[in-house]
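[1] structure, please.
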Amino acid sequence: MAAAPVPPAIVPAPTPEPAPLSEGARIVNLFIAPSKTFTALRNAKWWSWVTPWILISIFSLLFIYSMGRQVGFDQISRNQVAHSKGADQFDKLPADQQAKQIQLSSKIIGFFAYGSPFLILLYCSIATLALWLTFKLGVGSETTFGQAYAIVMYAWLPGIVGGILGTISLFAGVNPEGFDINNPVGTNLGYYLDPAATGKFIHSMAGALDVISIWSIVLVGIGFSCTSKVKRSTAITIVAVWFLVYKLVGASLAAAFS
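    Okay, the predicted model is just below:
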């Protein structure tokens with residue numbers, strides 16, 4: 001008796017790969033659906049960090065220009081001296097020496113301010129290296145350094161909001177003598193505290209309670225969880241601990257030398 005014919009096996013059609021996100025879509029989704037942006041970075045090219053870097057640089061330079069126009073680097077230098085430990089010694093100097101020190105200080109501040117696009121690349125490299133090694137060696141993350149660099153750069157995009165708010169406040173009418181270049185926007189607790197009354201260390205740590213910084217911390221954590229098998233809560237905790245260490249060191253140095 002002939003065997004019954006065997007029907008051909010039904011092979012399911014392969015699931016089509018989702019279309020890659022455009023640069024514009026990544027930027028938009030970062031603010032409304034960040035997981036989509038960071039998931040897309042798995043297969044992104046090595047230069048995927050360039051677009052967010054350009055945007056951050058543009059708004060940074062816009063804020064710096066507004067700061068120089070509305071406050072002036074000379075006044076910013078005077079404000080820095082007034083809140084430093086050397087304020088009394090500066091006041092005892094002859095007027096011509098004071099002018100020379102302010103002129104030199106304002107040039108240095110202006111140089112580094114307008115060089116901020118390059119400093120952003122440097123700071124991002126340092127932050128990325130610390131985080132990438134921590135995730136790779138600590139929890140076995142498979143995220144590459146290039147992916148990590150793009151994650152950090154994208155996660156810093158909320159800083160644009162701070163730049164916009166700072167520019168608006170400058171043109172709305174800021175008190176030049178009360179302007180603090182280290183804390184120019186009221187998105188953190190330290191902005192509303194008197195440094196003389198709270199002390200340098202406490203004031204600096206209060207500045208860590210910053211809405212935009214917390215936003216970026218969460219985004220970096222989401223980014224590493226989307227490009228590796230690390231749980232989101234674990235990733236955010238790792239980033240938050242590094243941020244706390246950075247702030248503690250910065251606050252200690254500010255208290256010691258400012």
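[2] for Asn175, phi and psi?
    Backbone torsions of Asn175, given as degrees, to the nearest 10, read phi -80, psi 110.
[3] ok, now how distant is it from Gln70?
    The gap separating Asn175 from Gln70 is 10 Å, by Cβ to Cβ, to the nearest Å. For the C-beta atoms, the positions are set from N, CA and C on the backbone; glycine is no exception.
[4] looking at the two, which one has more neighbours?
    More neighbours surround Gln70 than the other of Asn175 and Gln70, with 17 against 7 (other Cβ atoms under 10 Å).
[5] neighbours around Gly186, how many?
    By the measure other Cβ under 10 Å, the count of residues near Gly186 is 15.
[6] look up phi and psi at the residue nearest to it when sequence neighbours are not counted.
    Nearest non-adjacent residue to Gly186, counting by Cβ to Cβ, 6 or more residues apart in numbering: Tyr192, 6.7 Å away. With angles defined as degrees, to the nearest 10, Tyr192 sits at phi -100, psi 0.
[7] ok, Asn188 next?
    phi -140, psi 160.
[8] isn't it right up against Gly207?
    Yes - between Asn188 and Gly207 there is a contact at 4.9 Å, judged by Cβ atoms under 8 Å.
[9] so which of these two has more stuff around it?
    Legend: neighbour count by other Cβ under 10 Å for Asn188 and Gly207, higher for Gly207 (22 against 19).
[10] what's in contact with whatever helix or strand Thr51 lives in?
    Using DSSP states H and E, Thr51 falls within helix 50-70. By Cβ atoms under 8 Å, 6 or more residues apart in numbering, the surrounding residues in contact with helix 50-70 are 23, 26-27, 76, 110, 113-114, 116-117, 120-121, 124, 150, 153-154, 156-157, 159-160, 163-164, 166-167, 170-171, 174, 176, 179, 181, 184.
[11] sort out for me which of these are in helices.
    23, 26-27, 76, 110, 113-114, 116-117, 120-121, 124, 150, 153-154, 159-160, 163-164, 166-167, 170-171 (DSSP state H).
[12] of the residues you listed, buried ones?
    Among the ones in helices among the contacts of helix 50-70, those scoring as buried are 26-27, 76, 110, 113, 116, 120, 124, 150, 153-154, 159-160, 163, 166-167, 170 (criterion: 16 or more other Cβ atoms under 10 Å).
[13] can you pull the poorly scored residue ranges out of the chain?
    Residue ranges of the chain with pLDDT under 70: 1-19, 258.
[14] 50 instead, please
    The chain contains residues with pLDDT under 50 at 1, 13, 15-16.
[15] show me how far the longest helix seen in it is from its chain's centre.
    In the chain, assigned by DSSP H, the helix with the most residues is helix 232-257. Averaging C-alpha positions (Cα atoms, centre = their mean, to the nearest Å) puts helix 232-257 13 Å from its chain's average.
[16] may I see the buried residues of that helix?
    Buried residues in helix 232-257, counted by 16+ other Cβ under 10 Å: 235-236, 238-240, 242-243, 247, 250-251, 254.
[17] again with stretch 53-69
    By neighbour count on 16+ other Cβ under 10 Å, the buried set for stretch 53-69 is 53, 55-57, 59-60, 63-64, 66-68.
[18] swap in stretch 144-155?
    144, 146-155.
[19] just checking, the residue nearest to Gly186 touches Val185?
    No - counting by Cβ under 8 Å, Tyr192 stays clear of Val185, with 11.6 Å between them.
[20] more neighbours: which of these two?
    Neighbours were counted for Tyr192 and for Val185 using other Cβ under 10 Å; Val185 has more, 21 against 9.
[21] which one is the more buried one nearest to, not counting chain neighbours?
    Closest residue to Val185 apart from its sequence neighbours, by Cβ to Cβ, 6+ apart: Gly166 at 4.5 Å.
[22] check Pro34 too.
    That would be Ile222: by Cβ to Cβ, 6+ apart, it lies 5.2 Å from Pro34.
[23] confirm for me that the one you found is in contact with Ser35.
    Yes - with contact defined as Cβ under 8 Å, Ile222 reaches Ser35; the gap is 6.2 Å.
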